[in-house]
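Student: Based on what follows, work out the 3D shape:
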Amino acid sequence: MVFGSRGLGSLGALLFVVYFEVVIFISLVRSGLSDADLQIVSDNTIGKDFKGYRHLLDCPNCNDEENVDITATYTDASGNVQIYKVKSNDLSSSWVWGSSADENLAQPNGGLEQKGFSEQDVIRSRDGDFLSLNKEQQTVPTDPVKLKRQILLQRRREQRVAELIQVSKDAEMQMEVEAIERSRQFKNTNRGKYSIWRREYPSPNSDSTLKLMKDQIIMAKVYASIARSKKIFDLADSLMECIRQNLMVIGEANSDAELHLSAPKQAKIMGHGLSLAKDMLYDCDDVARKLRVMIQSTEENINALKKQSTFLIQHAAKTMPKPLHCLPLQLTTDYFFNNYADKEMEDKGKLVDPSLFHYAIFSDNVLATSVVVNSTSSHAKEPEKHVFHIVTDKLNFAAMKMWFILHPPLHVTVHVENIDEFKWLNSSYCSVLRQLESSRLKEYYFKANHPSSLSAGNDNLKYRNPKYLSMLNHLRFYMPEVYPKLDKILFLDDDVVVQKDLTPLWSIDMKGMVNGAVETCKESFHRFDTYLNFSNPKISQNFDPQACGWAFGMNMFDLKEWKMRNITGIYHYWQDLNEDRTLWKLGSLPPGLITFYNLTYPLDRNWHVLGLGYDPAIHPSEIENAAVIHYNGNYKPWLDLAVSKYKPYWSKYVKADNPYLQFCSIDP
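Tutor: Modelled structure (predicted):
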């Protein structure tokens, strides 16, 4: 018996329970209809004009007053089972009755044979629909096994119908209740499905085969592990071999186009193996347990790789490349060989003239410092009024001086000093120097079993960079001591590039503030609680955790206000309190935020754009409009780690034809 309708839209996509098909059949039988009248056929399967079928209301055994009850069950879009009841008089004209008036249907063997059909040409489909096929359009499987299976299925259904007709009304209602309950508990998922990619949603640009094979490998590992635990070694070995074959086919492919031609065949073989393994081994709890173990193991591997990556990046960032090591060696050799040590600066008066524009650069990197000076001087409208004060260490002092003696920027003044010649900078006066000499800090840096080592974690790895041990990094807190006769000075890091004239910075009214800097806080990022330990009462009682952070790298310092407010004394006070590093980690920014708290004037963001040393997503227009771009982070422009698209902004200020650079094979 077939039950279908074009009028009930949701029924077309849902499965009917066999029992409810029978209920309809029983209801019609009890209404007095003959067997020949009990064939309800949708026009979707046979068509309105099929000979021998009439509309439902044309039933010869039904009068106008009689209404046949028809009950159907279906699953709605939410997955809930619904009961649908309808009167036969309410059905649309698309519903038709099967009739015995036609001899061809009443006598299928004879009638069909007269038209050239055999008994095998008309069979019932899996859902019970008649399939009437002519010779030209025959799609019925010719396989005898499949045909026999269909015939047996139809016989079982007919036998089941005959049994159900004999049941009592109470038993019928009980079966209906049980069927509804089973339908509600039914979940439309395939247990043991080993692929989450469905063929129903193909994408021409997807890499479904590659994803499927990788997913198969995961499930094969799960089943292989379960098989070994149950001592089914043959199956485990077979799955491991399939895994090996899958890996060989995948190779280094990143898309379906890169897969070997045998990939579909291998995926099919693996799928067959997984199907067998699922039938033998599938248990939801076991599979879930194995997957959790695999996830945990993968997370541990990822954490280990992240830790190793952090260590290697820090190591690469703090290690001087061979070409950059060659450059100062060659410069130092020529400096002493040609007796440039006796050469004095021509005009020392500019160094202490407060009416000029003074810059401070503290660095031990000759090439980086030259880029800062070259880029700044090339954009200065009056370069003769610009003075660069460079402080370096004893190791690089001769090389730094030699570079600017041989390659002096046009019209500007450059003065190089050695930090070791500042006699006032000693451990009795400077808190950082005193702490650097302590055994506790030496243990922190140089003992392999310290908690900051690679084996114990990567949270503190970045603080083991030698720059935190360099006094050049903390000299910025002693500006009045280094330049006692100046009123204002612009501090520049050695990893910046100047793209515009910076002269207007000296005319900005800083409203009595000491430090002029660009703020870095965006939404909840880069605020004080990012850098300071607010669980310590000394921090929480004195500072606002939501106060906006600002950037070192381009800072205008008002040295008059500095002296009046004793900024260096404030720095010493907090640095002494942090001897055990409980207020903040190492570095110069956290003590800078504390020292200049409520004493920083916010500059326009276009003066200073940061992030070129770690953020590859900075918009090009933001970089182009910036007066200063800052390569803060590990990916410095002179390293191979540099973000390639940002490197041209820096390298265009490096003269590639310089003989020293060519000798040392420095390719900017």
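
Student: Would you map the strands across the stretch 551-668 of the chain?
Tutor: Assigned strands in the stretch 551-668 of the chain, in chain order: 554-558, 600-602, 608-609, 628-630 (criterion: DSSP state E, counting those that start in this stretch).

Student: what's the burial count for Pro537?
Tutor: Residues lying near Pro537 (other Cβ atoms under 10 Å) number 8. From N, CA and C alone the C-beta is placed, and that goes for glycine too.

Student: how close does it sit to Leu577?
Tutor: To Leu577, Pro537 is 12 Å away according to Cβ to Cβ, to the nearest Å.

Student: Mutual contacts of those two, please.
Tutor: The contact sets of Pro537 and Leu577 do not overlap (Cβ atoms under 8 Å, 6 or more residues apart in numbering).

Student: Please enumerate the strands of the stretch 101-250 of the chain.
Tutor: Taking DSSP E, counting those that start in this stretch, the strands of the stretch 101-250 of the chain run over residues 122-124, 130-132.

Student: For the closest residue to Ser225 other than its chain neighbours, list the residues it contacts.
Tutor: Nearest residue to Ser225, sequence neighbours excluded (Cβ to Cβ, 6 or more residues apart in numbering): Lys290, at 5.5 Å. Counting by Cβ under 8 Å, 6+ apart, Lys290 makes contact with Val222, Ser225, Ile226.

Student: on that earlier part again, using TSV, lay out the strands of the stretch 551-668 of the chain together with mean neighbour count and distance to Leu274.
Tutor: Putting the strands of the stretch 551-668 of the chain into TSV (neighbours: other Cβ atoms under 10 Å; distance: least, Cβ to Cβ, whole Å) gives the following:
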stretch	mean neighbour count	distance to Leu274
strand 554-558	24	60
strand 600-602	18	62
strand 608-609	22	53
strand 628-630	25	54
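
Student: Adding mean pLDDT, write the ones you listed out as JSON lines.
Tutor: Output for the strands of the stretch 551-668 of the chain, formatted as JSON lines (pLDDT from 0 to 100):
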{"stretch": "strand 554-558", "mean pLDDT": "97"}
{"stretch": "strand 600-602", "mean pLDDT": "96"}
{"stretch": "strand 608-609", "mean pLDDT": "96"}
{"stretch": "strand 628-630", "mean pLDDT": "97"}
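
Student: I'd like a version of those in TSV, one that adds distance to His389 as further columns.
Tutor: Formatted as TSV, the strands of the stretch 551-668 of the chain follow (distance: least, Cβ to Cβ, whole Å):
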stretch	distance to His389
strand 554-558	12
strand 600-602	22
strand 608-609	20
strand 628-630	17
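
Student: Name all residues that make contact with Lys381.
Tutor: Lys381 sits next to Asp501, Thr503 when contact means Cβ under 8 Å, 6+ apart.

Student: tell me the secondary structure for it?
Tutor: Here Lys381 is recorded as coil under DSSP: H, G, I helix; E, B strand; the rest coil.

Student: From Gln499, how far out is it?
Tutor: 14 Å.

Student: Please point out which parts of whatever helix or strand His325 lives in sit buried.
Tutor: Assigned by DSSP states H and E, His325 belongs to helix 322-337. Under the neighbour-count criterion of 16 or more other Cβ atoms under 10 Å, helix 322-337 has Leu324, Cys326, Leu327, Pro328, Gln330, Leu331, Thr332, Asp334, Tyr335 buried.
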